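Chemist: pasting the structure only:
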């Protein structure tokens, strides 16, 4: 508990007085750290909005008094809502990142998957505000969220991804991004931070996409007899379907020179093609995807990195929706949706780090609500 409080005590208290002309402290009856601590622990214990956070606080008030001041008891749900609507999300996230660096040692060589997600019910139509869109970084081996960045209303992921990368220590890691992040500036930023990239190439990179597709189709027509490609295949069976993935990788200088005539893709070392075939009964579908990378590795290794990227969907985005109900959450005012999303990620991280209970994050939240000893074990990791 003390470690958590130490990191988040650095958040600046910008609450205004409750009444114009009143003394400043009258608008700050509850210490800011009390509000933050109760909210974070409330989310860990299963609360997903300000009303249920207040209820968790009241149910555990005697326990909270062992750690917090609580001069006026547990704050109301309105207080929680207003404070997190005012709170600077960049400052709140900085505390989150500092905490992550202390509780999790990043493993070199692991995949850092960057991907975006819309919090669909966070829109505020009355004030002309659309739902927030967040870009998150997922560390595959640690199975932790290591950062997020909100996309500005008049911007997109192309500008948000470099801003997120600057916040992270990605040295020695492999950054994977879907096609929207396949930008020369992003590739340059990753290499300058001493990391590698595997970037998806779709039609948004028209000429690059067409060049890779042309090389692949010509060489496949020839049966890859004269081509400097390494090949790997995986076959997965289950639930009545068969999934076959073929991966071809080349680091041949002639191929790379053909595609990157202007040497604008910093550190480009290879291209990869993945053909995914799915069979369900007598039906068969296939998809071909293209990638560029700063790595010179085997097809087997490349296929592993590419498949690992999609863990961000199952282990992060799906979990945020199913375990925390993020997509259905109606918190909308000010910075509150972004700050609540950070708390969801804090909760997910501490629940994932705790390994003694062999169950999912949703069950662990329920245990935290009922078992104070287990809750202390979770938050003191």
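Modeler: All right, it came through fine. A quick note: this is a predicted structure, and the numbers were derived from the prediction, not measured.

Chemist: contacting residues for residue 280?
Modeler: 240, 241 (CB atoms under 8 Å, 6 or more residues apart in numbering). Heads up, the C-betas are built off the backbone N, CA and C, glycines and all.

Chemist: any idea what the most centrally placed residue in the chain is bridged to?
Modeler: Centroid-nearest residue in the chain, with CA atoms, centre = their mean: residue 136, separated by 2.8 Å. Counting by DSSP bridges, residue 136 forms beta bridges with residue 115, residue 148.

Chemist: how near is it to residue 356?
Modeler: Residue 136 sits 27 Å away from residue 356, going by CB to CB, to the nearest Å.

Chemist: the residue nearest to the centre of the chain contacts residue 118, correct?
Modeler: No: taking contacts as CB atoms under 8 Å, residue 136 lies outside contact range of residue 118: 11.8 Å.

Chemist: can you pull out the strands in the protein?
Modeler: 111-118, 133-139, 144-150, 174-177, 196-201, 230-238, 241-250, 270-280, 283-293 (DSSP state E).

Chemist: what pLDDT, on average, does the third one get?
Modeler: By that I understand strand 144-150. When pLDDT is averaged along strand 144-150, the result is 90.

Chemist: and what of the fourth one?
Modeler: Per-region confidence: strand 174-177 scores 97 on mean pLDDT.

Chemist: can you tell me what sits against it?
Modeler: Here strand 174-177 has contacts from 109-115, 161, 165, 186, 190, 195-200, 295, 305-306, 308-309, using CB under 8 Å, 6+ apart.

Chemist: sheet-wise, list the partners of it with their directions.
Modeler: Sheet partners by DSSP bridges: for strand 174-177, these are strand 111-118 (parallel), strand 196-201 (parallel).

Chemist: comparing those by mean pLDDT, which bottoms out?
Modeler: Among those, strand 111-118 carries the lowest mean pLDDT (a mean of 92).

Chemist: OK, contacts around the residue lying closest to residue 139 once chain neighbours are set aside?
Modeler: Excluding the flanking residues, the one nearest residue 139 by CB to CB, 6 or more residues apart in numbering is residue 146, at 5.1 Å. Counting by CB under 8 Å, 6+ apart, residue 146 touches 97, 100, 104, 106, 112, 137, 138, 139, 168.

Chemist: recalculate using a threshold of 10 Å.
Modeler: 96-97, 100-101, 104, 106, 112, 136-139, 164, 167-170, 173, 345, 349 (CB atoms under 10 Å, 6 or more residues apart in numbering).

Chemist: now it: how far from residue 251?
Modeler: Distance from residue 146 to residue 251, by CB to CB: 29 Å.

Chemist: next one: residue 157
Modeler: 28 Å.

Chemist: the two: who's more crowded?
Modeler: Of the pair residue 157 and residue 251, residue 157 is the one with more neighbours under other CB atoms under 10 Å, namely 22 against 18.

Chemist: any stretches of this structure with poor pLDDT?
Modeler: 1-4, 17-27, 120-130, 153-155, 381 (pLDDT under 70).

Chemist: break it down into its structural domains.
Modeler: 2-86+335-379, 103-315 (automatic domain parsing).

Chemist: residue 372 contacts residue 59, correct?
Modeler: No: proximity of residue 372 to residue 59 does not meet the contact threshold set by CB atoms under 10 Å, at 11.0 Å.

Chemist: flag every buried residue along stretch 211-222.
Modeler: 211, 212, 215, 216, 219 (16 or more other CB atoms under 10 Å).

Chemist: skip the chain neighbours and tell me the closest residue to residue 165.
Modeler: Using CB to CB, 6+ apart, the nearest residue to residue 165 is residue 189, at 5.6 Å.

Chemist: same question for residue 73.
Modeler: Closest residue in space to residue 73, ignoring its immediate chain neighbours: residue 61 at 6.9 Å, by CB to CB, 6+ apart.

Chemist: which one's the longest helix in the chain?
Modeler: helix 336-353 (DSSP state H).

Chemist: so what's the residue count around residue 370?
Modeler: By other CB under 10 Å, neighbour count at residue 370 equals 10.

Chemist: show me what contacts it?
Modeler: So residue 370 contacts 45, 46 (CB under 10 Å, 6+ apart).

Chemist: which stretches in the stretch 1-150 of the chain count as helices?
Modeler: Per DSSP state H, counting those that start in this stretch, the stretch 1-150 of the chain carries helices over the ranges 2-8, 32-44, 50-59, 61-64, 77-86, 89-103.
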